[in-house]
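>>> Provided below for reference: sequence and predicted model.
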Amino acid sequence: MARADQDAAPALADMDLSGKSITLAVTGGIAAYKACEIVRLLTGSGASVRVAMTQAATRFVGALTFEALSGGPVYVDQFSGGMPHLALGRGCDLLLVAPATADILAKAASGIADDLVSSVILAAQCPVAFAPAMNSAMWENPATQRNVRTLAGDGAAILGPASGPLACGTSGSGRMLEPGEIVEHCRCLLSPKPLAGKKVVVTAGPTYEAIDPVRGITNRSSGKQGYAIARSARLAGADVTLISGPTALPCPAGVRRIPVQSAAEMLDAVLGSVKDADIFIAVAAVADWGIENPCAEKIKKSSGAPEIRFRRNPDILGTVCALGERPALCVGFAAETQDILRYAQDKLRAKGADMIVANGARSAIQSDENEVIFVTRESAEPFGPAAKERVADRLIERIIQLTERSQEIQA
Ligand code: C5P
């Protein structure tokens, strides 16, 4: 079986899937109906999708549905001519088995090829991913766990499963990931991996400084830019830790998130994570002041306006840049309302960072778009206005270039 991780290559992290060819193998579980949505999402991103089904899968969803969604024939019969068991796992970029029943995991782990889908898996010459879906007792059974370990050891990607309500009426682990999550994992498996082996730490969102248990001060920040950067770094193959203040955003697939509240908590989490990091990207809108005298109980209105004392919060980016063994590349953001470039250049020097991404504070905050200047000691490159995902992709490209350059200098 081919390994699921791919060789490093220069990359645009946030790829659409045009030109990618994916074989989807659907096996017989109730989650087969969700595989229809997977085909829709994959083709909607530009991928071409061929579908193979087990006989059992056709009991849940008709082949005609997949034919209509994929725009091509659906393969069920091993002996239908044209050797589909060989063709379907070759000449494609990914073989995705979703839903993957306990039965197909067992067959694949032992190399059994007694129907079309199991034969396609055994003959595959592309990365293979399984999205398990089954009752929790079947998932937790040591035999299934053993099979999954075997498959992962052979290089397959195991996507999920999640915990939640199951078709049998109970709740537990074994639920197939949602189609959007599976497609996001596919995107990740298919994208080039220039940051493979690199550890990236990103801060994002606002910090929240409590005045009492119900009140506090914070900065206006949605966290969208930082989350998009964490996702782009992950798609480029990095091991990503996202240290996030309070936001309403879902954690990007494959990213480790550490939720924090205050700047002091964020600093602790950052110092605990950057020790062996290669790249630190400080995107968080850290509150400049914390509360010196927070109240453990809710302050009563009747006791008059409270006297709140502020104290300067630690400068997280500055602290990391000054560490003896600091990440090779430290990047910060600068949200300003005027003289954007000059302030960014000052900040670059003052904090000892390698790059400052300067943006207009008014346009960037809680918007889906951003307009930035990538400022290093040597250059200032304007970019945008563009969606925050595009800005994230471009930043990761710039970081890859800087990383490659510093490796060349060291060599
Ligand atoms: O707030 P300031 O303009 O100094 O922010 C510049 C950069 O420093 C940003 O990347 C921000 O995330 C980071 N920062 C920080 N800790 C602070 C203040 C800012 O890491 N206390």
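Yep, that arrived.

>>> thought K298 was touching V214, still the case?
Yes - here V214 reaches K298: they are 5.5 Å apart, a contact under C-beta atoms under 8 Å. C-betas here are computed from N, CA, C, even on glycine.

>>> which residues sit against the one helix or strand L95 maps to?
Assigning secondary structure by DSSP states H and E places L95 in strand 94-100. If you take C-beta atoms under 8 Å, 6 or more residues apart in numbering as the criterion, strand 94-100 is touched by 20, 22-27, 29, 31-32, 34-35, 38, 88-89, 104, 108, 117, 120-121, 124, 126-133, 159, 176, 182, 186, 189-190.

>>> what of stretch 392-404?
Contacts for stretch 392-404 (C-beta under 8 Å, 6+ apart): 10-14, 194-195, 198, 225, 228-229, 231-233, 236, 278-279, 281, 328-329, 331, 354-355, 357, 374, 376, 381, 383, 386.

>>> write the PyMOL selection for whichever of the residues you listed are buried.
Buried members of the contacts of stretch 392-404, defined by 16 or more other C-beta atoms under 10 Å, are picked up in PyMOL with:
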select buried, resi 11+12+13+14+194+195+198+225+228+229+231+232+233+236+278+279+281+329+331+354+355+357+374+376+383
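
>>> just the contacts of stretch 392-404: which are in helices?
Q225, A228, I229, R231, S232, A233 (DSSP state H).

>>> which residue sits closest to K275, ignoring its sequence neighbours?
E325 (7.4 Å; C-beta to C-beta, 6 or more residues apart in numbering).

>>> can you show me the helices along the stretch 251-400 of the chain?
Here the stretch 251-400 of the chain has its helices, by DSSP state H, counting those that start in this stretch, at 263-273, 316-321, 340-351, 361-364, 388-410.

>>> right, is the second one up against the ligand?
It stands for helix 316-321. Yes - using C-beta under 6 Å from any ligand atom, helix 316-321 comes into contact with the ligand via I316, L317.

>>> contacts for that helix?
Contacts of helix 316-321 (C-beta under 8 Å, 6+ apart): 203, 263, 266-267, 270-271, 274, 280, 282, 284, 286, 326-327, 330, 332, 350-353.

>>> how about that helix as CSV, C-alpha atoms only?
Below are the C-alpha coordinates for helix 316-321, written out as CSV (Å, rounded to 0.1, in the frame of the first residue of the first chain):
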residue,chain,number,x,y,z
ILE,A,316,4.4,37.5,24.0
LEU,A,317,6.0,38.0,20.6
GLY,A,318,8.8,40.1,22.2
THR,A,319,9.4,37.4,24.9
VAL,A,320,9.6,34.6,22.3
CYS,A,321,12.0,36.6,20.1
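
>>> check which residues of it are buried.
Using 16+ other C-beta under 10 Å as the test for burial, helix 316-321 gives I316, L317, G318, V320, C321.
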